[in-house]
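J.: Next comes the sequence, and after it the predicted model I'd like to discuss.
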Amino acid sequence: MAQAKQGDTVKVHYTGKLDDGTVFDTSDNRDPLQFTVGAGQVIPGFEEAVIGMSVNETKRARFSMEEAYGPRREDLVLVVEKAQFPPDIAPQVGQQLRLHQANNEAITAVVTDVSEEGVTLDANHPLAGEALTFEVKLVEIA
C-alpha cells in the first residue's frame, strides 16, 4: 500500500486541540485539507506526521509550542497612539489590521485593547505559546 512521502500532494481530515481539550480547528463538515508534503504549507511537524501514513490511516501527533507557532513574543505587542490611525478607522477590540513593517512586509495584528492612551496591537499568531495535538486521517495521496 502506498505511503505518503516528500513531494506527494495529500488530503487529510484533521482535528486540532489545545492541551485543555479545546478544539481550535477541524475539517469536520468541510473538504479535507490538501497540501504538498515538504512545500511548507502547514507547520513542519504536521508534514512529518503525515510522512509514512497510508490512505485511511489515522494518527495522533502532539507538537510543543516551539514545533507549532513558537512562544508568544512580547516584542510583537505594541501600543499605537490613536492619532496615528487614519480617520476612517475606529479601532475595536478583536479587529484585525494589516500592518506594513519597515521592510514593507505585511503582517496581521489584532486589536487587544483600546484606551485613551492608545490602541494595543498583537501580531503574534493566535496559537503562539500553545502546544497543539492533531488527530489526522490520510484520505488521499495524489
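T.: Cool, got the structure. Numbering: from 1, shown residues only.
J.: dump the residue contacts of residue 93.
T.: By C-beta atoms under 8 Å, 6 or more residues apart in numbering, the contact list for residue 93 reads 111-114. Yep, even glycine has a C-beta here, placed from its N, CA and C like the rest.
J.: May I have the secondary structure class of it?
T.: coil (DSSP: H, G, I helix; E, B strand; the rest coil).
J.: give me phi/psi at it?
T.: When read as degrees, to the nearest 10, the backbone of residue 93 gives phi -60, psi 130.
J.: got a pLDDT number for residue 55?
T.: We have a pLDDT of 97 for residue 55.
J.: ok, now the one 3 residues further on?
T.: In the predicted model, residue 58 carries a pLDDT score of 97.
J.: If the nearest residue to it once chain neighbours are set aside is in a bridge, with which residues?
T.: Nearest residue to residue 58, sequence neighbours excluded (C-beta to C-beta, 6 or more residues apart in numbering): residue 137, at 4.6 Å. Beta bridges link residue 137 to residue 13, residue 58, judged by DSSP bridges.
J.: thinking again about what came up before, filter the contacts of residue 93 to the buried ones?
T.: Neighbour counting over the contacts of residue 93 (16 or more other C-beta atoms under 10 Å) leaves residue 111 as the buried ones.
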